[in-house]
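Student: Quick one, structure for this:
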Amino acid sequence: MSVFERTREIGTLLSMGFSRLRIAMLFLFEAFTLGTVSALIGAAIGAGLTLYAHHHGVPISVPGTGTLLTRPLLVPTFAAMAIAGAVFGALAGGLWPALRAARLQPVQALSSH
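Tutor: Alright, predicted model coming up:
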């Protein structure tokens, strides 16, 4: 959708002399930024919920035993891997639109809509 919605903008940039590589890098940088910000916000929310659950405990009913109180742990390496995975996923998801944007012809992009 990002390429479709911004076709005229891409055409304008191409006609102004932006290289196809620069257009692709623009889309990948946007995907990287969105992925990083989203991953950090998600990690902060997840860390807060995990710390809350650790402090208060999470009751789990086990038949025949009763209720157990579990306390999840916040492991920094898992959080870092989750952030890295989210950023990598955002970059992978932004690769196709970046390549499509880089392949647009300026005249076709400006004449669309």
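Student: so where's this protein uncertain?
Tutor: Counting by pLDDT under 70, the low-confidence segments of the chain come to 2, 112-113.
Student: mind redoing it with 80?
Tutor: 1-4, 106-113 (pLDDT under 80).
Student: residues contacting the residue nearest to the spatial centre of it?
Tutor: Closest residue to the average C-alpha location of the chain: Gly35 at 2.6 Å, with C-alpha atoms, centre = their mean. Gly35 sits next to Ala86, Val87, Phe88, Gly89, Ala90, Leu91, Gly94 when contact means C-beta atoms under 8 Å, 6 or more residues apart in numbering. Any C-beta I mention is one placed from the backbone N, CA and C, and that applies to glycine too.
Student: Can you give me the distance of the third one to Ile10?
Tutor: What that stands for is Phe88. Taking C-beta to C-beta, to the nearest Å as the measure, Phe88 and Ile10 are separated by 25 Å.
Student: between those two, who's got more neighbours?
Tutor: Between Phe88 and Ile10, counted using other C-beta atoms under 10 Å, Ile10 has the larger neighbour count: 23 against 13.
Student: That one sits in which helix or strand?
Tutor: Per DSSP states H and E, Ile10 falls inside helix 7-15.
Student: buried ones in that helix?
Tutor: Within helix 7-15, the residues scored as buried using 16 or more other C-beta atoms under 10 Å are Thr7, Ile10, Gly11, Leu13, Leu14.
Student: before we move on, what SS does the closest residue to Ala53 other than its chain neighbours have?
Tutor: Using C-beta to C-beta, 6 or more residues apart in numbering and skipping residues adjacent in sequence, the residue nearest Ala53 is Pro72, 5.2 Å away. Here Pro72 is coil, with the state taken from DSSP: H, G, I helix; E, B strand; the rest coil.
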